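Student: Pasted the sequence and its predicted model underneath.
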Amino acid sequence: MEVSEKAIRTGISGKGFNPERIKEDFPILRREINGYRLVYLDNAATTQKPAVVVDAIRHYYEHTNANVHRGLHTLAEEATAAFESTRDRIVPFINAAKREEIIYTRGTTEAINLVAYTWGKQNIRSGNRIVITQMEHHANLIPWIMLAKETGAELTYIPIDEKGYLDLRDIENIIDSRTILVALTHMSNVLGTINPVAEIAQLAHRRGARILVDGAQAVPHMPVDVRAIDADFYAFSGHKMLGPTGIGILYGKEEILNETNPFNFGGEMISTVHWDRVTWNELPWKFEAGTPNIEGAVALGAALDYLGKIGMENVRAHEKEITAYALKRLSELDHIKIFGPHDIDYRGGAVAFVDRDVHSHDVATFLDTRGVAVRAGHHCAQPLARLLGVTSTTRASFYIYNTNDDVDRLIEALKAMRKYFRHE
């Protein structure tokens, strides 16, 4: 189901990107919370959905609902075409080489675990080194902790510096000849840091290692070219880019995926089955056992169309502008400490901060009374929180429908919070 120009006319005007008009495409943003217009600033956790995405799910169930790849009747053929067309849309969206390199998963977490439990178990041995960073989300940390324990491989971390960048001064020694895999985030969900993944990929490949990139926070917010990065694996989620939950993507280079055995067995992922042996299906289906999240894939296609019409360059430019404004306004509050880089060219729109007197959970709870939705906690990055010297932070994260007025509402609510807790 493609998104027409008319369907998103509220978001694009003759003057270009218009976030105020984009808001009109999102029914939930018309809500009021506690008598206040909703200001949704929890986009690093999940984004809201435009009407065209919701409509795509409804249309699928009302008109096309059937299982894919298995039927010759009209509904089955229509469902299969819609399901597979999204795979075709993803290829140019991330500049993959071909559709066989696009594997449907439940999300970034499952995509990374898929690599760990297939390619990882086939290739990682005692004496090998797995390199990750100190800013990883648990989804790109725990699978490698567990695999290192199981195989006897060494798990090594690229440190971060005081500004929230990767400290690459010793990178030639960290990614050494023993390294078999480098796994790192493209953009930190806490610090907002955009990492030099292409440069790190070059070094990894010189050492004979593979590189996996966690793109959950990058793909929704800026143009991503997996071939320019030269990523061997790249993972991201649909729900962080206007799509529904329960659908994600693992990109993998065709030659690597062909050499990798599946780990989830059942229908669809097989070619032939005998009483004592089995052969696998072709790519991409050998990694897609069972009935998939069909409506999720269809709705993700609508989300891709929506973002494609806006243009990812415009998405990135808008987020740089609003994040710069947010950093400026938050820096005016002397009781707030901001984490992560301040150079807007090297960071995304997730801004984590603490109030010197008020716990982050109390901050988030009070902001909700003013209709401002933020996230509080360790953001699935407990080791990073400890490294920063905090138990939790408050995180405001921005997307295409956020405006400077939303940032002003955040600042006003933070000031009101200080008065409420009698710190002003």
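Tutor: Structure received. These numbers come from a predicted model, not from an experiment. Numbering: from 1, shown residues only.

Student: Quick check on I336: phi, psi?
Tutor: phi -110, psi 130 (degrees, to the nearest 10).

Student: which residue sits farthest out from the middle of this protein?
Tutor: The C-alpha centroid of the chain is most remote from W275, which lies 41.1 Å away (Cα atoms, centre = their mean).

Student: pLDDT at that residue, what is it?
Tutor: On pLDDT, W275 comes in at 93.

Student: ditto for H423
Tutor: So, for H423, pLDDT stands at 74.

Student: That one: how many residues sit nearby?
Tutor: Neighbour count for H423, taken as other Cβ atoms under 10 Å: 12. In this view, the C-beta of every residue, glycine as well, is placed from N, C-alpha and C.

Student: which residues in the stretch 151-300 of the chain form helices?
Tutor: Assigned by DSSP state H, counting those that start in this stretch, the helices in the stretch 151-300 of the chain fall at 171-174, 197-206, 226-229, 254-258, 294-310.

Student: any idea how far stretch 336-355 is from the chain center?
Tutor: In terms of Cα atoms, centre = their mean, to the nearest Å, the centre of stretch 336-355 is set 18 Å apart from its chain centre.

Student: please renumber so the chain begins at 27
Tutor: Okay, residue one is now 27; in that scheme the one you just asked about reads as stretch 362-381.

Student: Which positions in it come out as buried?
Tutor: By neighbour count on 16 or more other Cβ atoms under 10 Å, the buried set for stretch 362-381 is 362-367, 370, 372-381.

Student: With stretch 154-172 instead?
Tutor: Buried, per 16+ other Cβ under 10 Å, within stretch 154-172: 154-170.

Student: now stretch 299-319
Tutor: Buried, per 16+ other Cβ under 10 Å, within stretch 299-319: 306-307, 309-315, 318-319.

Student: Give me the subset of those that lies in strands.
Tutor: Counting by DSSP state E, the part of these found in strands is W306.

Student: Let me have the buried residues of stretch 299-319 in CSV, extended by pLDDT and distance to A71.
Tutor: Formatted as CSV, the buried residues of stretch 299-319 follow (pLDDT from 0 to 100; distance: Cβ to Cβ, whole Å):
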residue, pLDDT, distance to A71
W306, 91, 36
N307, 90, 34
L309, 92, 32
P310, 95, 28
W311, 94, 31
K312, 96, 32
F313, 96, 27
E314, 96, 26
A315, 93, 28
P318, 95, 24
N319, 97, 19
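
Student: Tell me the one of the buried residues of stretch 299-319 nearest A92?
Tutor: Of all the buried residues of stretch 299-319, the one with the least separation from A92 (Cβ to Cβ) is P318, at 12.5 Å.

Student: For the nearest residue to the closest one once chain neighbours are set aside, the count of nearby residues, please.
Tutor: Nearest non-adjacent residue to P318, counting by Cβ to Cβ, 6 or more residues apart in numbering: Y130, 5.6 Å away. Y130 sits with 25 neighbouring residues when counted by other Cβ under 10 Å.

Student: and Y130, what are its phi and psi?
Tutor: The phi/psi pair for Y130 (degrees, to the nearest 10) is phi -80, psi 140.

Student: Which strands border the helix or strand hosting V157, and is each parallel or antiparallel?
Tutor: Using DSSP states H and E, V157 sits in strand 155-159. With DSSP bridges as the test, strand 155-159 is paired with strand 180-184 (parallel), strand 205-211 (parallel).

Student: Could you say which of the ones you listed is packed most deeply?
Tutor: strand 205-211 (a mean of 25; mean count of other Cβ atoms under 10 Å).

Student: From the chain's centroid, how far away is that one?
Tutor: The answer for strand 205-211 is 18 Å, by Cα atoms, centre = their mean.

Student: Contacts for that strand next, please.
Tutor: 138, 146, 149-150, 154-159, 161-163, 166, 170, 179, 184, 201, 221, 223, 226-227, 230, 233-240, 242-243 (Cβ atoms under 8 Å, 6 or more residues apart in numbering).
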